[in-house]
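Peer 1: from the sequence below, what's the structure:
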Amino acid sequence: MAIKIMYLIDHYQNPQAGTEGQLFQLVEHLDRTRYEPSMTVFRSSEYIDRNLFPCPVRVLNITKLASVGTISKILQYVRTLHRENYRLVHCYFNDTSLIAPVFLKLFGIKVLVSRRDMGFWYTPRNLLALRLVAPFVDRYIANSQAVKQIVQQQERVAGEKITVIYNGYAPTTSNDQEIAGEKISEIPDGVPIIGIVANLRPIKRMDVLIEAFAIIANAYPDAYLVIIGDKASSQANATFHQLENLISRLNIGKRVIFLGKIEKPMPYIRKFTIAILCSESEGFSNSIIEYMQAGRPIICTNTGGNAEIIQDGHNGLLIPVGDSSALANSLMRLLSDNTLAHRLGQVGYETVRAYTHTRMIVKQMACYDQVLATG
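Peer 2: Numbering: from 1, shown residues only. From the prediction side, this is the model:
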């Protein structure tokens, strides 16, 4: 009989986001003869309300952690899981990992927690809580060695309790007919396109990219900068206006195009001459994988898990965080050397073939098996 496993997550917007996309693939392709998945969300979303997720979903309607009502609701929920014979709960995001593990362990349910970033959300208060919760977690799953080190250092978790499982990705098709041509119709054919796929947040440091583009703009007067990323949230909208002001000051407004959120960005990525990721913090970047799948030459910052997949000069170029001059120099290097750019793109394409969703799911199930086998 298949073992019941519950995925517990703060919220689930849609499968296009990085963590949500990985969870979707895991649940969709999990071997149902071995594991029977369900999911619980603290807060609902339009996507969840439309019943689009590939397993049953429960909604707890929890909006505030520090309340008697929330503790009562979590306790009742965990009792239900125990009664329904759930043996594993895999927690995603921050709120679930702060409050759920203690109650789950009290009822004998094994607890796993995913960590997928470099801890930009840590505060002294929640770090204290995370350290107190750590003994109640059976296994942490990090998506890079860099994330594992952060969890060890900041949450004070023993290394043997942390398993590194890199993200996995389904192969993409080469059909570019999906592209909405009018969105980039103003860009002439054959000109250099510098591109990035990242939500508009300060941590993504798009200001550095815009500054670097301004540096090379005179040398490449026909080049364009294309930015794909959600600008609908209040934070994203504020970032967007800050970037617009910067673009205006640098007088490059006609050559920078914001496309907003694109659910299937691959056809656009294939049109990039060079693909960029200039974040100051990354756990393991989905954008890098998409760039590699498209065979694009990549320039990215040497932060988090980036250097675990990008080898400088072999399958991409690494630059320091926040260094617009270094980014501009790397852009000039690739724009002036087509042979190097092509080679980096081809080697990147070969690199990414190892990061399959099949491999990721096999490793996840092996991790579940190990946790269940422990006393």
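
Peer 1: give me the element G69 is part of.
Peer 2: Assigning secondary structure by DSSP states H and E places G69 in helix 68-83.

Peer 1: quick one: list the elements packing against the helix or strand that that helix is followed by.
Peer 2: Next along the chain after helix 68-83, taking DSSP H and E as the criterion, comes strand 88-92. Applying 3 or more Cβ pairs under 8 Å, 6 or more residues apart in numbering; DSSP states H and E, one finds that strand 88-92 contacts strand 3-11, helix 94-106, strand 110-115, helix 357-373. For every residue, glycine as well, the C-beta is placed using N, CA and C.

Peer 1: JSON lines for the ones you listed, including distance to T163?
Peer 2: Output for those, formatted as JSON lines (distance: least, Cβ to Cβ, whole Å):
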{"stretch": "strand 3-11", "distance to T163": "16"}
{"stretch": "helix 94-106", "distance to T163": "15"}
{"stretch": "strand 110-115", "distance to T163": "9"}
{"stretch": "helix 357-373", "distance to T163": "5"}
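
Peer 1: quick check: buried residues in stretch 250-264?
Peer 2: Judged by neighbour count (16 or more other Cβ atoms under 10 Å), stretch 250-264 contains these buried residues: I252, R255, V256, I257, F258, L259, I262.

Peer 1: likewise stretch 306-322?
Peer 2: Across stretch 306-322, burial judged by 16+ other Cβ under 10 Å covers N306, A307, I309, I310, N315, G316, L317, L318, I319, V321.

Peer 1: mind showing which ranges of this protein have poor pLDDT?
Peer 2: Scanning the chain for pLDDT under 70 picks out the ranges 172-183, 185, 232, 375.

Peer 1: those strands in it, which residues are they?
Peer 2: Remark: strands assigned in the chain by DSSP state E are 3-11, 35-43, 57-59, 88-92, 110-115, 139-142, 162-164, 193-197, 224-228, 256-260, 274-277, 298-301, 317-319.

Peer 1: possible to save those strands as TSV with distance to M365?
Peer 2: Formatted as TSV, the strands of the chain follow (distance: least, Cβ to Cβ, whole Å):
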stretch	distance to M365
strand 3-11	10
strand 35-43	7
strand 57-59	21
strand 88-92	11
strand 110-115	12
strand 139-142	12
strand 162-164	12
strand 193-197	30
strand 224-228	33
strand 256-260	37
strand 274-277	30
strand 298-301	31
strand 317-319	33
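
Peer 1: surely A100 meets Y92?
Peer 2: No: using Cβ atoms under 8 Å, A100 is not in contact with Y92, being 10.7 Å away.

Peer 1: which neighbours do the two share?
Peer 2: Common neighbours of A100 and Y92, using Cβ atoms under 8 Å, 6 or more residues apart in numbering, are L8.

Peer 1: quick one, helices of the stretch 201-350 of the chain?
Peer 2: In the stretch 201-350 of the chain, the helices defined using DSSP state H, counting those that start in this stretch lie at 206-216, 234-250, 266-269, 286-293, 306-309, 324-335, 338-352.

Peer 1: contacting residues around the residue nearest the centre of the chain?
Peer 2: Closest residue to the average C-alpha location of the chain: G18 at 3.4 Å, with Cα atoms, centre = their mean. Taking Cβ under 8 Å, 6+ apart, we find G18 in contact with R116, N167, S285, N286.

Peer 1: what do you get for V256?
Peer 2: Neighbour list for V256: I210, F213, Y224, L225, I227, I247 [criterion: Cβ under 8 Å, 6+ apart].

Peer 1: dump those to CSV, plus distance to S233 and neighbour count.
Peer 2: Compiled in CSV, the contacts of V256 are given as follows (distance: Cβ to Cβ, whole Å; neighbours: other Cβ atoms under 10 Å):
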residue, distance to S233, neighbour count
I210, 20, 21
F213, 24, 24
Y224, 25, 21
L225, 22, 24
I227, 15, 23
I247, 20, 20
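
Peer 1: return the member of those residues nearest to N51.
Peer 2: I227 (33.2 Å; Cβ to Cβ).

Peer 1: the closest one contacts I262, correct?
Peer 2: No: look at I227 against I262 with Cβ under 8 Å: they stay out of range, at 10.6 Å.

Peer 1: show residues contacting stretch 364-375.
Peer 2: Contact with stretch 364-375 is made by 3, 5, 26, 30-31, 34-35, 87-88, 110, 112, 138-139, 141, 163, 165, as judged by Cβ under 8 Å, 6+ apart.

Peer 1: quick check: the farthest pair among those residues?
Peer 2: The farthest-apart pair in these, when distances are taken by Cβ to Cβ, is D31 and D138, at 20.6 Å.

Peer 1: tell me which of the two has more neighbours.
Peer 2: Set D31 next to D138 and count neighbours by other Cβ atoms under 10 Å: D138 wins out with 19 against 10.

Peer 1: residues contacting that one?
Peer 2: Contacts of D138 (Cβ under 8 Å, 6+ apart): K110, V111, L112, K161, V371, T374.
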